[in-house]
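J.: Quick one, fold the following:
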Amino acid sequence: MAVKRNIQYLNKSFSDLRSQLINFSQTYFPTTYTDFDPSSPGIMFMEQASYVGDVLSFYLDNQLQETYIQYARQTNNLYDLAYMFGYKPKTTGLAIVDLDFFQLIPSKVEGSTTVPDYDYALRINANTQITSRSSSRIAFLTEDSVDFSTDSPLDPRSTTIAQIDTITGEPTYYLLKKTKKATSGNINTTNFNFGSFQEFPTVTINSPNISCIIDIFDSDGNRYYEVDYLGQEIVFDSIKNLNTNDPNNYQDSNDVPYILQTKQVQRRFATRFLDNETLQLQFGSGNPSDTDEEIIPNPNNVGLGLPYEKDKLTTAFSPTNFILTNTYGVAPSNTSLTVRYTTGGGVESNIPANNLTSLNTNGVQFINNNLNSTTAQYIFDSVAVNNPRAASGGQDGDSITELRENTISNFNSQLRNVTANDYLIRALSMPSKFGIISKAHVQKPKASSTDSTLDLYVLSYDNSKSLTLSSQALKTNLKTYINQYRMIGDLPAIRDAFIINIAVDFEIITEPNYNNSEVLTQCIFFLQDYFAIDKWQINQPIILKQIELGLDDIEGVQTVSRVTITNKAGTDSNYSQYAYDIEGATQNKIIYPSIDPSIFEIKFPNQDIKGKVTTI
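T.: The predicted structure follows:
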C-alpha cells in the first residue's frame, strides 16, 4: 500500500530544497538510507537535485517577472510590453528650433509706385536640410515648405527695404523674411527588393537614433502609408487649399493652407522597434492581383471576413475595417521599395543660437519661370538662414525607467475622445497646416439644442494676434479631424465663441520720491502682460482683486485708488460687435463672462489701458 507523502511546495532556494530532501529521506526512508554525512554519495545527489531546482526556480521567477512592465528588465521584453499597451518607444528625442529664412527680391514699378517684384519669390521645399556651421554632422530639417510668394496669418511674411538707389531714392531690392520650425535629423535612404508574393513580409532598418519614416515608394511610384496597425484602412490626407484641387470643397480662406480629408489606402505598413537600433517594417498579406481591399461597404458585404454570417449579430465591428477584409493591406511583390527615414536628435542637437546657417540649396527653386537669368542668380545666391534662438528639446531615447513609466501612463490615455477634455486637447493639437485653433471650450449643449450632444466653441488669431472668428474652412478641417476620434454616440457641433473687447482705466497713488511717469509706465506694462491674450481662455472671469494686488506689488505704488473695466464694442471702431454689461456681470469684484461661452480681450493694449496718478 502506497504511503501518502507530505510534499512541500514552498521551497525554492538551494538551501531550502536541500534541507527538505534530507528531511524527506529521514521521514519516509528511515532504514533505507542513513548516511547523511556531507561527503556521502546520497547527499551529493540531493545537492545536485537542489541545484537543478534552484536554477529552475530562478528562471521561472525571471520569466514571470518579464511579463510585467513594472519589473521587466530585458530590453526586448520591455519593447514588446510597451507595444502591447499601445506605447511606441522613443529611441531618440528631436530638438526643435525656429529658423529665419531670408531672400532679396528686386523692385518693380506699378503705375507710379515702387513695389516688390514677387515674381522672383523662391520656394524652399519641406525637409530641406540646414546644418550647423560648427558641425556638419548636426542637421535640421524644415517641417513645412517656405513659400516667399504668400503672406497669410498662418504664414506671415515681413518685407523691408534692403537697398536704395542713391540717385532716385527709390528701393531697388527688398528683403523678405519668413520663420519656420525645423527639427533635428538627417535624411537617410535605403532600398528593399521583394520577389514573389508572400504574406506579411517584414524588413528591418538597423541604425542608431531612428526617429521616423518619411515616406516609402515602390518602383512604380506607388506610395505606402504608415498606419498604427495593418487593419487600419483610413488615413488622413491633405491637399492644397486651391480651387483647382477641390472645387467642391474649396474654401476661400487664407488661414487654412490645406484641406484635411480622409483616404482609404491599400498600400500600408506598420512599424515596430525591436530595440533602440532596429526598426521593423511589416506589410500586409494581400496579393495585388486578387486583393479584396477595394470592396465598397454595403449591407450585402459588411463582415465578409466572418466565418459565418450569423456571427454578425454578436460581432464587434471596427470603423477602420468593418467589412473585415482579410488582406490587411497589399503586400509588395516583384518590386523595389525606396524608404526614406530620419535619424538624429539627442542632447547634442540642442545647438546654440546663430549656428544653423548652412542651407542645402537643392531644395530651393523659383516659383515662376521666364525670369532674367542674371537677376535670378543674384536672388538665388541671396538666400540665407539663421536660428536667432537656441534649439531645445533634444534628448536621448527612453531609458528603462522612462519606458516603463511612459507605457503605464499611455495605457491610461486613449486615442478616442471620451471626455470633454479629450475633445479640447484634440482641437488644440490639430496640425497647423490645416489651420490653428487658438482658443477652445467644450460644454454641454443648451436644452433647446437638438443637433448635438456637446458643443465645441472655437476662436482663432488674426495677423495682429487679435481674436477673430475661425473661418469655415478651418472649422471644416476640425470637424473632419475630430470625427475620426469621436465616440459613435457623440454629435459634436463646432460653434463660434463670443469676443468681448474691454478697456482698463486705473488710478494709483505713488510713494514719495518716485517718478510718477516711470511708475505709471510699469503699471501699464503689468496690465499689458496680465491681459496678454495667450494667458486667457474662454469663460475665464476677471478678478479685480488680483489686478489690484499686482499693481500694489509694483515698486513705487503706495495704493491703488481705482480699477475700472469698460466694454468696447462696435465694428466701426474695429471692435467686436457684441456689447456686454460689465457692471451687471460684476459680483464681489469678479467680472463673470456671459452664459454663452465668451472671452475677454483687450484688442488694442496701447490705447485701451489708461492710468493716472492721483493724490490722497
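J.: So which residues make contact with stretch 11-31?
T.: If you take Cβ atoms under 8 Å, 6 or more residues apart in numbering as the criterion, stretch 11-31 is touched by 3, 5-8, 10, 33, 36, 42-43, 46-47, 49-51, 53-54, 57, 61. Just so you know, the C-beta spots here come from the backbone N, C-alpha and C atoms, and that holds for glycine as well.
J.: Show the buried residues in the residues you listed.
T.: For the contacts of stretch 11-31, a burial check counting by 16 or more other Cβ atoms under 10 Å picks out 42, 43, 46, 47, 50, 53, 54, 57.
J.: for the last one, phi and psi?
T.: Spelled out, it's residue 57. Torsion angles at residue 57 (phi, psi; degrees, to the nearest 10) stand at phi -60, psi -40.
J.: excluding its backbone neighbours, what's nearest it?
T.: Sequence neighbours aside, residue 12 is the residue nearest to residue 57 in space, at 4.1 Å (criterion: Cβ to Cβ, 6 or more residues apart in numbering).
J.: distance of that neighbour from residue 60?
T.: Remark: distance between residue 12 and residue 60 (Cβ to Cβ, to the nearest Å) = 9 Å.
J.: quick one: which of these two has more around it?
T.: residue 12 (14 against 11; other Cβ atoms under 10 Å).
J.: Using the three-state scheme, assign that one.
T.: Look at residue 12: counting by DSSP: H, G, I helix; E, B strand; the rest coil, its state is coil.
J.: oh, and call the first residue 15 from now on, that's how I've got it
T.: New numbering, starting at 15: the last item is residue 26.
J.: what separates it from residue 398, distance-wise?
T.: For residue 26, the distance to residue 398 equals 70 Å [Cβ to Cβ].
J.: got it, and residue 62?
T.: Using Cβ to Cβ, residue 62 is found at 77 Å from residue 398.
J.: Which one's more surrounded, those two?
T.: With neighbours defined as other Cβ under 10 Å, residue 62 and residue 398 compare such that residue 398 has more, 14 against 10.
J.: Model confidence for that one, exactly?
T.: For residue 398, the model assigns a pLDDT of 95.
J.: Which residues are in contact with it?
T.: Contacts for residue 398 (Cβ under 8 Å, 6+ apart) come out as 115, 116, 117, 371, 373.
J.: Show me the helices in the stretch 365-514 of the chain, by range?
T.: In the stretch 365-514 of the chain, the helices defined using DSSP state H, counting those that start in this stretch lie at 387-395, 414-426, 434-442, 486-497.
J.: So residue 203: helix, strand or coil?
T.: Under three-state DSSP, residue 203 falls in the strand class.
J.: Which secondary structure state does residue 594 sit in?
T.: Classification of residue 594 using three-state DSSP returns coil.
J.: what sits against it?
T.: 514, 581, 583, 608, 612.
J.: any idea which of the residues you listed has the most stuff around it?
T.: Most neighbours among the contacts of residue 594, by other Cβ under 10 Å: residue 514, with 24 neighbours.
J.: residue contacts, it?
T.: By Cβ under 8 Å, 6+ apart, the residues touching residue 514 are 581, 590, 592, 594, 607, 608, 612, 613, 614, 615.
J.: contacting residues around the second one?
T.: Contact criterion Cβ under 8 Å, 6+ apart gives 512, 513, 514, 515, 582, 583, 615, 617 as the residues in contact with residue 590.
J.: And stretch 536-547, how far out from the chain middle?
T.: How far stretch 536-547 lies from its chain's middle: 31 Å, per Cα atoms, centre = their mean, to the nearest Å.
J.: List of residues touching that stretch?
T.: With contact meaning Cβ under 8 Å, 6+ apart, stretch 536-547 is reached by 475, 479-481, 518, 520, 522, 561, 564-565, 568-571, 614-616, 619, 623, 625.
J.: Quick one: buried ones out of those residues?
T.: Among those, those classed as buried by 16+ other Cβ under 10 Å are 475, 480-481, 518, 520, 522, 561, 564-565, 568, 570-571, 614-616, 619, 623, 625.
J.: chain center to stretch 504-512: distance?
T.: Centroid displacement of stretch 504-512 relative to its chain, using Cα atoms, centre = their mean, is 23 Å.
J.: what does it rub up against?
T.: Residues from elsewhere that reach stretch 504-512 (Cβ under 8 Å, 6+ apart): 431, 437, 453, 455, 459, 463, 465-473, 483-484, 489, 492-493, 496, 500, 552, 590, 592, 608, 610-613.
J.: how about 7 Å then?
T.: Contacting residues not belonging to stretch 504-512 are listed as 431, 437, 453, 455, 459, 465-473, 483-484, 489, 492-493, 496, 500, 552, 592, 608, 610-613 [Cβ atoms under 7 Å, 6 or more residues apart in numbering].
J.: residues of it that come out buried?
T.: For stretch 504-512, a neighbour-count test (16+ other Cβ under 10 Å) marks 504, 506, 508, 509, 511, 512 as buried.
J.: Listing request: residues of this protein with sub-threshold pLDDT.
T.: The chain contains residues with pLDDT under 70 at 15-17, 148-150, 256-269, 302-341, 426-429.
J.: ok so, going back, now, which of the contacts of residue 594 sits nearest residue 254?
T.: residue 612 (34.5 Å; Cβ to Cβ).
J.: Please tell me how far the most centrally placed residue in the chain sits from residue 619.
T.: By Cα atoms, centre = their mean, the mean C-alpha position of the chain lies nearest to residue 443, the distance being 6.3 Å. Distance, residue 443 to residue 619, by Cβ to Cβ: 28 Å.
J.: hang on, the earlier thing: if you look at the contacts of stretch 25-45, which of them are in strands?
T.: Using DSSP state E, no member of the contacts of stretch 25-45 sits in strands.
J.: and residue 222, helix, strand or coil?
T.: Of the three states, residue 222 takes coil according to three-state DSSP.
J.: Tell me how many other residues crowd it.
T.: Other residues within reach of residue 222, judged by other Cβ under 10 Å, total 12.
J.: give me every residue that touches the nearest residue to it once chain neighbours are set aside.
T.: What sits nearest to residue 222 in space, not counting adjacent residues and going by Cβ to Cβ, 6+ apart, is residue 291, at 5.2 Å. With Cβ under 7 Å, 6+ apart as the criterion, the residues that contact residue 291 are 220, 221, 222.
J.: Would you mark the buried spots in whichever strand or helix holds residue 541?
T.: Here residue 541 sits within helix 530-544, counting by DSSP states H and E. Of all the residues in helix 530-544, those buried under the rule 16+ other Cβ under 10 Å are 533, 534, 537, 538, 540, 541, 544.
J.: just stretch 120-139 next, same as before
T.: In stretch 120-139, counting by 16+ other Cβ under 10 Å, buried: 120, 121, 128, 130, 131, 132, 133, 134, 135, 136, 138.
J.: Residues touching it, excluding its own?
T.: For stretch 120-139, the external contacting residues (Cβ under 7 Å, 6+ apart) are 115, 117, 119, 156, 159-163, 173, 184-188, 377-382, 385, 389-390, 393, 397.
J.: Which ChimeraX command selects the buried ones in those residues?
T.: In ChimeraX, this line selects whichever of those come out buried by 16+ other Cβ under 10 Å:
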select :115,117,119,156,159,160,161,162,163,185,187,188,377,378,380,385,390,393,397
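J.: In strands, which of the contacts of stretch 120-139 fall?
T.: Counting by DSSP E, the part of the contacts of stretch 120-139 found in strands is 115, 117, 119, 156, 160-161, 173, 185-188, 378-380.
J.: and which of those is nearest residue 106?
T.: Nearest to residue 106 out of those is residue 156 (Cβ to Cβ; 18.8 Å).
J.: what sits against the closest one?
T.: Residue 156 neighbours (Cβ under 7 Å, 6+ apart): 138, 140, 141, 142, 194, 196.
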